[in-house]
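Colleague: Mind looking at a prediction? Sequence and model below.
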Amino acid sequence: MGEKVRLRHVAVAVESIDAALPLWKALGLELRHTEDVPSEGVRTAHLAAGGSEVELLEPLTRDTPVGRFLERQGPGLHHIALEVSDLAAALARCADAGLRPLSGDARDGAEGSRVAFFHPRDTGGVLLELVEPAPKPV
């Protein structure tokens, strides 16, 4: 049997996290964490939703992937993220299936995680992120 994969988050691009939070809080989601992720050019807000999260993405500048997404498409669903325990192994399986990550390799993500993104043209029209969480402290 293969590795267990779970839905980590659904990411929504927003112009302003501060302006978007009241809606998500009114729906009953609890703000768990906010963080700037310079490697991705975003400020993130993570809202607990059962065993997964809704992640709000606000661009740090307009000249970032999320900034350009907002200019082209406006606010809305940006990507889904699947959590894996071993990103290197998951990337090897993807390579065997002919899938290559957008940046060519894994990179740093929020909360000390490692991430890799796959282009929607290769994943049925959805920007897909694989996330390996940071190791838990002992």
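Modeller: Thanks, I have the structure now.

Colleague: C-alpha from now on. contacts and neighbour counts both.
Modeller: Fine.

Colleague: Enumerate every residue touching the residue nearest the centre of the chain.
Modeller: The C-alpha lying nearest the average C-alpha coordinate of the chain belongs to A81 (Cα atoms, centre = their mean; 5.1 Å). With contact taken as Cα atoms under 8 Å, 6 or more residues apart in numbering, A81 is in contact with 7-11, 128-131.

Colleague: before we move on, what about L127?
Modeller: With the criterion set at Cα under 8 Å, 6+ apart, L127 makes contact with 78-80, 117-120.

Colleague: Among those, which lie within strands?
Modeller: Judged by DSSP state E, those include 78-80, 117-118 as members of strands.

Colleague: mind putting those in TSV, pLDDT included?
Modeller: As requested, the ones in strands among the contacts of L127 are exported to TSV (pLDDT from 0 to 100):
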residue	pLDDT
H78	97
H79	97
I80	97
F117	95
F118	96
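
Colleague: Next, format those residues as CSV and append neighbour count and distance to E3.
Modeller: Shown next, in CSV, are the ones in strands among the contacts of L127 (neighbours: other Cα atoms under 10 Å; distance: Cα to Cα, whole Å):
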residue, neighbour count, distance to E3
H78, 20, 25
H79, 18, 22
I80, 19, 18
F117, 21, 19
F118, 20, 19
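
Colleague: list the helices and strands the helix or strand of the chain with the lowest mean pLDDT packs on?
Modeller: Ranking every helix and strand in the chain by mean pLDDT, DSSP states H and E puts strand 107-108 at the bottom, with a mean of 89. If you count contacts as 3 or more Cα pairs under 8 Å, 6 or more residues apart in numbering; DSSP states H and E, strand 107-108 packs onto strand 114-118.
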